[in-house]
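Colleague: fold the following, please.
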Amino acid sequence: MGENSRLCKFFSFAQVGISGHRTRVTIKNVASPSKICPLIIFLLMLVIWEITSMVGMYDSGTLPPPSRVIKAFSELASNGILLRYSVASLFRVTVGFYLAVFLGMSIGVLLGVWQRGCQMFHALIQFLRPISPLAWIPFALLWFGIGDGSAIFLIFLSSFFPMLFSTIVAVKNIPRLYFQTGANFGFTKAEFFKLVIFPAILPEVVTAMRISLGVAWLVVVAAEMIAVKSGLGYLIIDSRNALRMDYVIVAMITIGVIGLTIDKVISQLQKPGFVRWKFEKK
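Modeller: Predicted coordinates:
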């Protein structure tokens, strides 16, 4: 009973805010023109694209018109290639990305609270972080061979260091008053992580996840062009070799749609219900 009372008092204190004022989050209604105008502009661009192709202003073989792209999409969807390759790319991105998120956050929190350890590994992290994941392709092929392992390894590298660095910075930026408050309530180490560290770093971590996810999709395309024989990246390079640029555009659009959908899902973690401390008055 006393344990529950102690936690309830802490949550009440956190919701009121360290400054003693309750923060209000105002949600503005989006005007309908702001939703319609992007759609109108997009459709207008498609119409212009189609008309310029019809009048022969450029070679349609190098840039197929929307009508041909729609037909190519129907062909790839009907024979199952688009679905099969999309699932293959999603599998590689999911395994590599979430492995990087788990390890990046875990090691990042450890180094963030362990000052001496952070000083020990800081130079190594800063040395490896700027190296492009694509530079590791020769080693990935030697270590994992042609297949999913190479692609997953490259995706992991592309996401791990952004997650690691962002988590370390987020932990170090937690106000000391949060820890003092937790100490006053007698928190254990597990409670410090659950009730102080994790809620405080979540806004920055979610932003890092969104950035890392975009990089992961860039890398998976490059990795599938070299290291595997399936996936949307492989579809792009194989279609290019066959001079089927309409298939290339279909693969590009599919990558964009999947990436946008996943980003929207992850962005839900940035809502006030999940990261209420982000909207706290300083």
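Colleague: ok, how many other residues are close to the spatially closest residue to Trp143 that is not a sequence neighbour?
Modeller: Counting by CB to CB, 6 or more residues apart in numbering, Phe153 is the residue found nearest to Trp143 once chain neighbours are left out, at 7.3 Å. C-betas here are computed from N, CA, C, even on glycine. By other CB atoms under 10 Å, 23 other residues sit near Phe153.
Colleague: buried ones in the one helix or strand Phe153 maps to?
Modeller: Assigned by DSSP states H and E, Phe153 belongs to helix 148-172. By neighbour count on 16 or more other CB atoms under 10 Å, the buried set for helix 148-172 is 148-168, 170-171.
Colleague: who does that helix touch, helix- and strand-wise?
Modeller: Judged by 3 or more CB pairs under 8 Å, 6 or more residues apart in numbering; DSSP states H and E, the packing partners of helix 148-172 are helix 81-113, helix 115-128, helix 137-144, helix 198-226.
Colleague: deepest of these, which one?
Modeller: With neighbours defined by mean count of other CB atoms under 10 Å, none of the helices and strands packed on helix 148-172 is more surrounded on average than helix 198-226, at a mean of 21.
Colleague: what distance do you get for the most centrally placed residue in the chain to Ser159?
Modeller: When CA atoms, centre = their mean is applied to the chain, the residue found nearest the centroid is Leu213 (2.4 Å). Relative to Ser159, Leu213 is positioned 7 Å away (CB to CB, to the nearest Å).
Colleague: Leu76 now?
Modeller: Distance from Leu76 to Ser159, counting by CB to CB: 28 Å.
Colleague: please apply the same query to Leu269.
Modeller: From Leu269 across to Ser159, the span is 16 Å (CB to CB).
Colleague: ditto for Ser106
Modeller: According to CB to CB, Ser106 stands 14 Å off from Ser159.
Colleague: now Pro64
Modeller: Here Pro64 is placed at a distance of 33 Å from Ser159 (CB to CB).
Colleague: can you verify my assumption that Gly112 contacts Ser166?
Modeller: No: using CB atoms under 8 Å, Gly112 is not in contact with Ser166; the gap is 10.4 Å.
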